[in-house]
Every structure is written in structure tokens, then in C-alpha cells.
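**Q** Model the structure of this input:
(one chain, ligands or ions: 1)
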Amino acid sequence: MQPRLIVAAGLVWLGPHRLLVQRRPAGARHGAGALELPGGKVEPGEPPRAALRRELVEEWGPAAAALAIGPVAEVLHHVYPGPGPEVLLIVYHVDASPWLGTDWHAALRLEADAAVVAHELAALPVHEFLAADREFVTDVRDGRVEPPTLPIHP
Ligand SMILES: Nc1nc2c([nH]c(=O)n2[C@H]2C[C@H](O)[C@@H](COP(=O)(O)OP(=O)(O)OP(=O)(O)O)O2)c(=O)[nH]1
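**A** Numbering: from 1, shown residues only. Modelled structure (predicted):
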């Protein structure tokens, strides 16, 4: 049977009009090379917000520990075909606005092959995202997802 995963992910706002998204490493088991929201699997017994905090630091390095995690933006559900997983994604607003005007990219400590990019909302390349994300990312691109009030106070 396909595994069912609970995943915590971040809609990371670099100010009100830009998002930070990442490209999955070429060697990823699933969705290699696709764009995704940073995050990962929630471990058994782990609170989802704590999982997102842990994943952000694992994926982006210690600089990500200071990012405020805000309210849930959306809960997504998708069943990937074949041997792919069934995923339940809890997407939180995350505030990266303190990084505005800084060399945030130089502060990241990325996993091998991973890449983090800033995109203007209107230019989000929806079709490069993992299938579970596409409808939601389209809604974000088209302004149907209300951006949080920045800064987010944790
Ligand atoms: N982080 C993240 N994962 C997503 C998104 N959309 C989506 O379908 N997923 C899926 C891909 C993976 O199957 C799962 C995330 O878990 P993960 O990134 O820890 O999984 P993985 O299999 O790459 O990691 P690993 O077990 O190899 O360590 O959720 C998204 O926007 N962000």
C-alpha cells in the first residue's frame, strides 16, 4: 500500500509580494528537480509546527531558526499515482521579511543539490511545482490567498 505522509511546509514570504521556494535535489526519491515549499515529513509524536521549524533549519541552516511561523495558510491533500505517497500537507505562513535587504542567500546552508529562489507572486512557475502544490500555488499567484500581516509575531 502507498505510504500516507503528514508533511509540514512553509509559504515563506519575503515581504508581501515575493515568496521563497526551493528546488528538490536531483537525487530526491520523489519529485526530483521539482519546486516545492520548504518542509518535510512530520515524525510520529512531533507537533507539525515543530516539524516545520526542524525542517527549515535542516534544509536552510541555522539562519532559518529565527523565521516566525504564523497561521496555517492551507491544508492540501494529494494521492500520487503508482508507488508515490499519499500526502497531507499542512502549509503555514512563514515570515522571512526580516531578510529583506540582506544577503539572505549567503546566510543559507543548503543541502547538496538543493536551491532556494525568490519569486515575485505573479511570476510563480506553477507547473514546476510538485503536483500536490499546483492548485494552491496558482491561488497564491493569482492573489486568492490572503498574505499574512507582516511582520508575523510568533
Ligand atoms: N516539503 C515539501 N514536500 C512536499 C510538497 N509537496 C509535496 O507533494 N510534497 C511531498 C514530497 C514528499 O513525498 C513529501 C515530503 O517529505 P520529504 O521532503 O521529507 O520527503 P523525501 O522523501 O524527499 O525525504 P527523505 O525521506 O528522502 O528524507 O511530501 C511541498 O510543497 N513541500
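**Q** Ala8 contacts Leu52, doesn't it?
**A** Yes. Judged on C-beta atoms under 8 Å, Ala8 makes contact with Leu52 at a distance of 4.0 Å. Backbone N, C-alpha and C define where each C-beta goes, glycine included.
**Q** which residues do these two both contact?
**A** Residues within reach of Ala8 and of Leu52 at once, by C-beta atoms under 8 Å, 6 or more residues apart in numbering, are Gly39, Tyr92.
**Q** check contacts around Leu130.
**A** Leu130 touches Arg24, Gly31, Ala34, Leu35, Glu36, counting by C-beta under 8 Å, 6+ apart.
**Q** Need the buried ones from the residues you listed selected in PyMOL.
**A** Buried residues among the contacts of Leu130 (16 or more other C-beta atoms under 10 Å), as a PyMOL selection:
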select buried, resi 24+31+34+35+36
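**Q** Tell me which entries of the contacts of Leu130 lie within strands.
**A** Among the contacts of Leu130, the members falling in strands (DSSP state E) are Leu35, Glu36.
**Q** which one among the contacts of Leu130 gets closest to the ligand?
**A** Among the contacts of Leu130, Glu36 lies closest to the ligand (C-beta to the nearest ligand atom), at 3.6 Å.
**Q** residue contacts, that closest one?
**A** Ala9, Val21, Gln22, Arg23, Arg24, Phe129, Leu130, Asp133 are the contacts of Glu36 under C-beta under 8 Å, 6+ apart.
**Q** Tell me where this protein has helices.
**A** For the chain, applying DSSP state H gives helices covering 48-60, 104-107, 134-141.
**Q** that older thread, quick check: the two most widely separated of the contacts of Leu130?
**A** Greatest spacing in the contacts of Leu130, by C-beta to C-beta: Gly31 and Leu35 (9.1 Å).
**Q** got any residues that touch both of those two?
**A** Residues touching both Gly31 and Leu35 by C-beta under 8 Å, 6+ apart: Arg24, Leu130.
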